[in-house]
Structure formats: structure tokens, C-alpha cells
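Enquirer: okay, here's the prediction I keep looking at, along with the sequence it came from:
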Number of protein chains: 2
Amino acid sequence: MRIAVLGLGTVGKQVVEVLDLERELFAARLGEEIVVARILVHDQDKRRPESMHSRLTYDPRDVLDDPDIEVVVELMGGFEPARSYIAEAIRRGKAVVTANKEVIARAGPELSANGRPGADLLFEAAVAGGIPIIRSLQESLAGNRLQAIYGIVNGTTNFILSRMHEDGVSFEEALQEAQSRGYAEADPSDDLDAVDAARKISILASLAFGGWVDVDLVRREGIRKITADDVREAKGLGAVIKLIARAEATPEGLLVGVAPTLIAKSHPLADVGGAQNAVYVRGEPIGELLFEGPGAGGPATSSAVIGDILDAARARRVGGRSVALPLEPAALLPAEVHQNAYYLRLRVREVAGALASVAQAFSEAGVSLRIVHQPPGGEAEATVSLVTRPTLRQHLERAREILHSTAAVLREESCILAEME
Amino acid sequence: MRIAVLGLGTVGKQVVEVLDLERELFAARLGEEIVVARILVHDQDKRRPESMHSRLTYDPRDVLDDPDIEVVVELMGGFEPARSYIAEAIRRGKAVVTANKEVIARAGPELSANGRPGADLLFEAAVAGGIPIIRSLQESLAGNRLQAIYGIVNGTTNFILSRMHEDGVSFEEALQEAQSRGYAEADPSDDLDAVDAARKISILASLAFGGWVDVDLVRREGIRKITADDVREAKGLGAVIKLIARAEATPEGLLVGVAPTLIAKSHPLADVGGAQNAVYVRGEPIGELLFEGPGAGGPATSSAVIGDILDAARARRVGGRSVALPLEPAALLPAEVHQNAYYLRLRVREVAGALASVAQAFSEAGVSLRIVHQPPGGEAEATVSLVTRPTLRQHLERAREILHSTAAVLREESCILAEME
């Protein structure tokens, strides 16, 4: 079976290398050889491995117009022209394997709907790298009614937050380390601002809950605002701050969002360190499942891509499924209806009664407090950390307003989502 | 699509209930209704849920001879007649879903080889309950060369060892608690003697490494010998004792075995508590993956069984794969070639030089020590705990012989596999 690879970056190169190297192994597993016949690249001046020279092309037509190419592996990244190439390949009856979360999150349903039976669109690598969460949601867990998915699905931000937690370094220092280690790109905005995580949770939520979650409707909050003080204070409360992507079924609709979140050390995702990814799934009848593994990087992504290639190849010969993305939009939970807990940190005047007036403000707004923590302070000022019980956002905002006009309160230093129950 | 369920125990009942209850949901996911048309039971006097009465039968011919039954779900347990029913169903072109690890471990290859194309044999529920490890090994990870699988795949023994670790109770007390909570059967031998875990690792190893691992060749050691002292001393060494099933590729062949093992607290499986199961996979290019979830019980097993039923149904309509079990036997590593670390605990006379003569014995046998620990002892006797570096079994046995004839050593209290590096 002849396949083509579009893009020869880290993942593309590794995928071609493994397919070349393990040709016999895969032929034995599959009953048929897989041959990388074409490799589409853009930059004509770049040096490429010699073994790939004869297969290089700069013209997408060499792939898309070739009827003998049965599977197209898109590893270019970016939205266009990747989306157009995928669309055309599917229209022409080829199977497509991609690691492109942007294309799937923004155009997945339309692409998968255009497939002919047998023309597959597979994208295990698009979410949580090497962790087989897409296939598990589609197949192994298909007999469940899922209730919740929580994920740490962005390795860059998890690396940064883990470094801040372990060594007390600042956000800027941790970011620099992530960049020097190659975990963060030169422009890390998509990671830091949770754009990447929002794409991934929109894909997971769409598969898990059977309605399409438009990525533009996913509430997202990045980690740029998280300070060393936040992380240290969280630690003092027996918690850790993680960028949590969540999708939760409620009677009023589906809650989908990404935000830095204070989670208790006992939370299943609290121990996920470094650039690791993890996905926690809760449902009926399964109960709770946790998947943990490498979420990004050449090797993990290659593993997922090659798994999909073998699956697509198998499906071409003996039939099989495509991952079906729902076309109908999901019923999302209006933000104002959902109750969350929050962590707040305030600087207060060190006057008798400061704590009492803070508590009074929350009480007036109808917000219950779960933890209030006042570490020993300086002479003129002190810090108050607190975690609320789940509350409507509007009540929280009311409490913040009251605090703003409370004489004993100097300023609010942080307001972060919390999940401590 | 008409299906039949063989056996109406906890899992069988739950599977029928979920299929009845979620008929519309599954019809939407699949494009076709799944109808449980027949339920084979044995005991004519038992009370069954009323909704199932009209579907009950006591005659396997009502299922096997009915050409309209396309999928047979075997949940009877035990080897025969389950094996024969599965074999006949497959021969007659039906798809079979089973949770029966005994049948798969003892007769899996022959059963799957007898299938016609399209006649599937699926058994996700046979290993690690709700954790989708079978499908992940077969599909998502198919592009990898796997190096090692370590698993906690028996919930009963993990519950017992976890209770012993957390509360210092004896093996007997923990076993009683497991029985009263329904985690252990009246005759718990298959669990305690690692028969169950050996079946599961033989299945996992066969799928992961592409050669059939005969369950009778799997070295297994149960947990009956583990005492409260072992668990406490392990804790003192920063370790925990778990029943670890392992399969590891080495240049000399495949190492497969189950044994209680002292693992460091930093080991990925150290924190798997209660009756949970977990499977750790290492391979190229994936790196490391960890799956954790409920390994047994009605709900988790039902989830896996229903996932397989939906998959089998889908495969009947649009084609698809069967889990292919290898027929060729795997090349197993001869036990005498493999190096393991061991934990030993000795009672010694409290005489000056006892520690020196113990160290001397290991040195003579060519075994290096990694940790030696002598807690404050009584007047006449003391305990010495130690962990060796990886060593050949024959060298360990030589050291034990020398210790046996060393005057300062009263007796050996424990000898347990260890993995502390």
C-alpha cells in the first residue's frame, strides 16, 4: 500500500524513518507492506535525509492526483493549506491521518462528513500525543454514558507549572527553561493562552458527548497570570495549580472550558509532572479511568500517527470505521448557570478585624467560604488566601466588588478557579 | 442486530440491563439497534429480573443453532462448556465477545484461528476490566516496538496488599476484609496464587510481543507468604510490595512472570491503591504510558464487554478486525539467564560482626548489595533487611546456602523479588 506524508518536520521525519525501518514488522502485522511513496515538502533549500531524496516532491498534485496513493498523512501543521489538502484527499477517496488539532477543532465535522464510506479521517495524535484517548472514547468506552473528562492536555504549560511548583521559580524563568528545552515555541501564545488546550478539549468533548463543541465557544483562560506567590500559596493549602481542560455533562447542558485551576493534592491529575499529559474520564458504568503519558514531542506523536496509519491501511483492506465527528452542535451550559469554587488572595491592612470584614463581604454576596488562611504577615500589610465553596460567577463578582470598596482590603492579588472537594 | 448473552451473573445482568436501557443511544451511535434476543442460563430455579423472562433459555442450541443471532456474549466463566460454545459460535460465523481470561489464556489462539474473516473474537474485558489495554496494544500502539509491560492486574491481591500497607494489618485480616467486601471469592486461590494474574499477563504478552505465551510457562508466585513484617520493612526502605505481572523483551528472549515485588515509592505502579488495576507500557517510539482504572467488578467489566459488543456489531456491518492472537510460541527467556534484585530479611544473633558475616556471605556468592538495613534490635536477636543488586538466581541461591550455614544467622524470614532502581 502506497502512502504519502505531507510535511517533514520532527514528526514527519520520524514517521517516515519508523515506517522504513519497521517495514517487515508492519507487513507481518498487517499482511501487506506499507510504502512511503511520496513526501511533500515546502522548502527546496533544506537538507533532508538522503534515503528520502527520491521521494521528495514540492507539488501537492503529485500526491493528491496520484490514484495509487491510498493514505495521506498530514503533518504540516497550521490551518491552510493543510485543511484543503485533507479535504481534497478525502473527496478523492483517500484515507487521511493527521496530527493537526487546529484543522480538526475548526473543520473536523465538515471534513469527516465529506468522506466516502471507507475514506477514513483519523487523528489520534491530535489530542494528548501518545495517549490513546480518541480511540478509547470512540470504541472501548462507547458503551458508557460519560459524565466528565478532565485533562492536562498541554505539555508546555504543565512543564511550566510543574517547575514553578517544584522549585518556586517565577513564570518567566519557567517559560525560559521550557523554551531552552524545546518544550515551548518561540511564540508560545497558543500554549500559554490555552488556545491549544481549548482545541483539544473541544475535540474530546465532541467525541465523548456526541454533539459538536465549537472551539470558539470554549471558555479559556491561560496561565500568564499565575505567579510564584499563587503557586506557593496553593502549596500551603495542600493544592497544586494545573491548567485543567474540562468537559462535564450537567442536566442543563455541557460545561466545557480550560483554566488554570487549584486542585487538591489528592486529585487524580495533581501528580502529573513535567511535560506529561493525562486524561481522566468518569462515566457509567465504567467508573473512573486515568490515562497518563507523553503528550507531545516527536516520538509520542509518531507512535499515535503510525497506529492510525496501520489502522487506516487495515480499514482499506478489510473495511472498518472512521472516527465519526458529530455535526449537530452540542447544547452548552450557559456560563452564568454553573457553580465553581474559586481561590482568591487578598492583601489586607494588618488591622484587627481585617479578616472579619473579608468574611463579611463574602457573606453579603451569598458566597460560602471553605478555607481561609492568613499566614503571619508584615507590620502594615498581610495576605489572606481563601477558597470559596462552589458559587455562581455573579455571586463571586458581587463579593469582589464589595471587597474592592472594603477599607481593610488593599487589593486582590489573584482569583483562580479551584476544585478542592 | 440480534445478540445472545450466555450467563446471567453480575456482569451478564448488568450488560443486558445497559443494552436494554440504552438501546436508543447505541442505535444512534451504531446506525442499528442491538437487541438481546436470548439469554442462556443454567439454574432453572433462580429468580431473574422480570424483563428478562421471555428471553431466557436453558438450551445452548437455542443460541448456537439460531442463524439470526449474530453476536454471542460469553459471560459464564470457567473453561468448559464456555470454550466449546465459543468455538462452535465462531465456527458458525458468529462474532464472540467474552470476558473469560481462562478460555483466552488456554485456548485463545486456536479459537481465533478458527474464525472466518468477519467472525470476531473480542475480549477486552478479560484483562484489567474497564481499562482499554487490549485494544490499545492491538491498534493504538501497533506502530511501536514494545519493550516492557508491567501490570497490577488482579484487584483482589492489590486490595489485600494495599490494606496491609496502609494499616499494617496481617494477610489473614486483609483477606477476610476482601472477602466480606466481595473483592475475594470464597475460594480465593486463583487470585492469591497468581493464577489469574498469570493468565492476564500471558494474554497481554502475546498481544504485545507477537508470539504466543503459554500460560503454563509463566513463572508465578502468589502473595500468601507476604507478612505484615515484610510490608512494614518494605515501607521502612521507601518501598511498597505489589503483585507485579511483567513481560519484558530482552535480547535473549521474553521474560514473563508474576510475583510479589518490592517496588520503590517512585515506581509508576506504587500508588495504585485499593482494588484498582493499572498497566504500564514502555516502548519505542512511544516512551512510557500508564493506564489506571477499575480492574474488576460488574460495572467496569460491563463497560468493556459493551464496548466490544458495539465493536463486533460495527464490524459485522462495515467490516473490521478481529484481535489476532499469535499462533507461534514466543521465545521465552530461560529463568536462569535473567538477573533480578531481591529483598531478604534475616534474623541474626546480636553479636558484633553479624552484619559483617552476612555481607561476607553475599560477597562470596558474587552478589552485590544495594541497601542493608539493621533496625535497632532486641537483646539476643536482631533483624537485617537487605536489597541486592540485580543478580542471577543461581548466585542468590548460593548466597542463601552460605547464610544457612553462617553461625551468626538464625534464619531467613523472607525472600521477595525487588525492583528498586
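Expert: Thanks, I have the structure now. Numbering: from 1, shown residues only, chains lettered A, B, ... in the order given.
Enquirer: residues in contact with the closest residue to residue A:175 other than its chain neighbours?
Expert: Among residues not flanking residue A:175 along the chain, residue A:160 sits closest, at 5.7 Å (CB to CB, 6 or more residues apart in numbering or on different chains). In this view, the C-beta of every residue, glycine as well, is placed from N, C-alpha and C. Under the criterion of CB atoms under 8 Å, 6 or more residues apart in numbering or on different chains, the neighbours of residue A:160 are A:171, A:174, A:175, A:178, A:184, A:223.
Enquirer: ranges for the strands of the stretch 151-300 of chain A?
Expert: With DSSP state E, counting those that start in this stretch as the criterion, the stretch 151-300 of chain A has strands at A:219-220, A:239-250, A:253-264, A:276-284, A:287-294.
Enquirer: C-alpha coordinates for stretch A:73-88, PDB please?
Expert: What follows is stretch A:73-88, C-alpha atoms only, in PDB (Å, rounded to 0.1, in the frame of the first residue of the first chain):
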ATOM      1  CA  VAL A  73      -0.500  11.600   6.300                       C
ATOM      2  CA  GLU A  74      -0.800  15.300   7.000                       C
ATOM      3  CA  LEU A  75       1.900  16.500   9.400                       C
ATOM      4  CA  MET A  76       2.400  20.100   8.100                       C
ATOM      5  CA  GLY A  77       0.500  21.800  10.900                       C
ATOM      6  CA  GLY A  78      -1.300  25.100  10.600                       C
ATOM      7  CA  PHE A  79      -4.800  25.600   9.200                       C
ATOM      8  CA  GLU A  80      -4.200  26.200   5.500                       C
ATOM      9  CA  PRO A  81      -3.200  24.700   3.100                       C
ATOM     10  CA  ALA A  82      -3.400  21.600   5.400                       C
ATOM     11  CA  ARG A  83      -7.200  21.700   5.600                       C
ATOM     12  CA  SER A  84      -7.600  22.000   1.800                       C
ATOM     13  CA  TYR A  85      -5.200  19.100   1.200                       C
ATOM     14  CA  ILE A  86      -7.100  16.900   3.700                       C
ATOM     15  CA  ALA A  87     -10.500  17.900   2.200                       C
ATOM     16  CA  GLU A  88      -9.300  17.100  -1.300                       C
END
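Enquirer: what distance separates it from the middle of the whole chain?
Expert: 20 Å (CA atoms, centre = their mean, to the nearest Å).
Enquirer: list the buried residues of that stretch.
Expert: Buried residues in stretch A:73-88, counting neighbours by 16 or more other CB atoms under 10 Å in any protein chain shown, are found at A:73, A:74, A:75, A:76, A:77, A:82, A:83, A:85, A:86, A:87, A:88.
Enquirer: what about it, average pLDDT?
Expert: Mean pLDDT, stretch A:73-88: 96.
Enquirer: does that stretch come close to chain B?
Expert: No. Under the criterion of CB under 8 Å from any CB of the partner chain, chain B is not reached by stretch A:73-88; the shortest gap measures 11.7 Å.
Enquirer: who touches that stretch?
Expert: A:3-9, A:11-12, A:15, A:40, A:42, A:60, A:63-64, A:72, A:89, A:96-100, A:102-103, A:106-107, A:110-111, A:114, A:121, A:305, A:309.
Enquirer: from those residues, which are also near chain B?
Expert: Within the contacts of stretch A:73-88, those near chain B by CB under 8 Å from any CB are A:305, A:309.
Enquirer: which part of the stretch 51-200 of chain A gets nearest to chain B, residue-wise?
Expert: residue A:143 (2.7 Å; CB to the nearest CB).
Enquirer: so which bits of the top helix by length along chain A are buried?
Expert: Determined from DSSP state H, the single longest helix within chain A is helix A:298-318. Buried residues in helix A:298-318, defined by neighbour count with 16+ other CB under 10 Å: A:298-316, A:318.
Enquirer: again with stretch A:332-349
Expert: Neighbour-count burial for stretch A:332-349 flags A:332-333, A:338, A:340-349 (criterion: 16+ other CB under 10 Å).
Enquirer: please apply the same query to stretch A:187-202.
Expert: For stretch A:187-202, a neighbour-count test (16+ other CB under 10 Å) marks A:188, A:190-202 as buried.
Enquirer: ok, now stretch A:158-167?
Expert: Judged by neighbour count (16+ other CB under 10 Å), stretch A:158-167 contains these buried residues: A:158, A:159, A:160, A:161, A:162, A:163, A:164, A:165.
Enquirer: right, and the fourth one touches residue A:231 too?
Expert: Put plainly, it is residue A:161. Yes. Counting by CB atoms under 8 Å, residue A:231 is a contact partner of residue A:161 at 7.3 Å.
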